[in-house]
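Chemist: model the structure of this input:
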Amino acid sequence: MQPSVRSQSDPGRDPSARIKQAHAGGFKKVCRIEEDSVCPFPGLPSDVLEMRVKEGSKIRNLMGFSMTRMQDGQSQVVFSGSGRAVTKTITCAEIMKRKIAGLHQITKLQYKGLREIWESQEEGDAEMTIHRTLPCIRILLSKDPLDPLEPGYQPPALWDPRPAGEASQAPEKRSLDPAECLAEPLGKRVCV
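Modeler: Numbers count the residues shown, from 1 in each chain. This next block holds a predicted model:
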């Protein structure tokens with residue numbers, strides 16, 4: 001019978017190496033605890049809409065809920081995500097900026113602490129704790145003006161209000177003159 005092993009993560013060891021060791025040693029993740037991080041936007045009202053984006057979140061669900069709330073009078077929304085959800089968080093903010101004109105944006109990057117507890121699947125009660133830090137992004141979008149001197153501020157984008165079909169009209173094509181194409185060297189030949 002194996003002795004009980006209670007191990008804290010070694011500061012000198014890479015967390016990904018410890019996770020590989022846990023998988024190879026017959027361990028199973030039983031608990032994941034994310035540390036709360038301080039909101040980087042001081043002075044936000046308590047009723048601000050916070051959308052926590054996870055790796056498995058569906059963008060259409062996130063956008064459906066947040067767009068409805070913004071159209072019903074909500075003036076600010078914060079999209080936050082960490083780890084593998086960072087790109088999905090950015091995508092949600094960019095979609096909202098395209099659909100609702102005139103949104104001011106402040107983006108903040110942070111790190112969030114994460115503690116995972118792994119238990120052995122074999123006999124004995126061996127347990128391993130792994131501490132990691134994950135990148136975290138928070139994006140505040142606001143209909144109301146924000147402080148332009150705040151680091152991470154982006155002013156509202158100027159989008160073309162015309163529908164997509166009208167905005168991209170193809171330029172008029174000119175007739176092809178073969179003599180014009182042959183006058184230039186072969187590598188630079190461009191006929192339109």
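Chemist: quick one: the helices in the chain?
Modeler: Secondary structure of the chain, counting by DSSP state H: helices at 15-24, 59-71, 86-99, 164-167, 178-183.
Chemist: out of the ones you listed, nearest to residue 139?
Modeler: helix 86-99 (4.3 Å; C-beta to C-beta). Where you see a C-beta, it was placed from the backbone N, CA and C, and this is true even at glycine.
Chemist: neighbouring contacts of that closest one?
Modeler: 51, 53, 55, 57, 59, 62-63, 66-67, 70, 77, 79-81, 103, 105, 135-137, 139, 141, 156-157, 159 (C-beta atoms under 8 Å, 6 or more residues apart in numbering).
Chemist: and that helix, what's buried?
Modeler: For helix 86-99, a neighbour-count test (16 or more other C-beta atoms under 10 Å) marks 86, 88-93, 95-97 as buried.
Chemist: and what of stretch 44-51?
Modeler: So stretch 44-51, judged by 16+ other C-beta under 10 Å, has buried residues residue 51.
Chemist: which residues are contacting that stretch?
Modeler: Residues outside stretch 44-51 that contact it (C-beta under 8 Å, 6+ apart): 62, 65-66, 69-70, 74, 76-80, 92, 140.
Chemist: ok, stretch 134-143 next?
Modeler: 37, 39-41, 44, 70, 75-83, 86, 89-90, 93, 96-97, 100, 102-112, 114, 146.
Chemist: cool, and stretch 108-124?
Modeler: With C-beta under 8 Å, 6+ apart as the criterion, stretch 108-124 contacts 1-5, 19, 22, 25-35, 37, 40-41, 82, 125-140, 152.
Chemist: of the contacts of stretch 134-143, which belong to strands?
Modeler: 76-82, 104-112, 114 (DSSP state E).
Chemist: where does the chain dip in pLDDT?
Modeler: Residue ranges of the chain with pLDDT under 70: 1-13, 23, 123-124, 159-192.
Chemist: re earlier: give the ChimeraX command for selecting the buried subset of the contacts of helix 86-99.
Modeler: Listed next is the ChimeraX selection for buried residues among these, using 16+ other C-beta under 10 Å:
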select :51,53,57,62,63,66,67,70,77,79,80,81,103,105,136,137,139,141,156
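Chemist: which positions in stretch 136-154 come out as buried?
Modeler: Buried-residue list, stretch 136-154, by 16+ other C-beta under 10 Å: 136-143, 146, 154.
Chemist: format those as a markdown table; extra columns: distance to residue 121.
Modeler: Supplementary listing: the buried residues of stretch 136-154 in a markdown table, determined by distance: C-beta to C-beta, whole Å:
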| residue | distance to residue 121 |
| --- | --- |
| 136 | 31 |
| 137 | 35 |
| 138 | 37 |
| 139 | 40 |
| 140 | 43 |
| 141 | 45 |
| 142 | 49 |
| 143 | 52 |
| 146 | 50 |
| 154 | 48 |
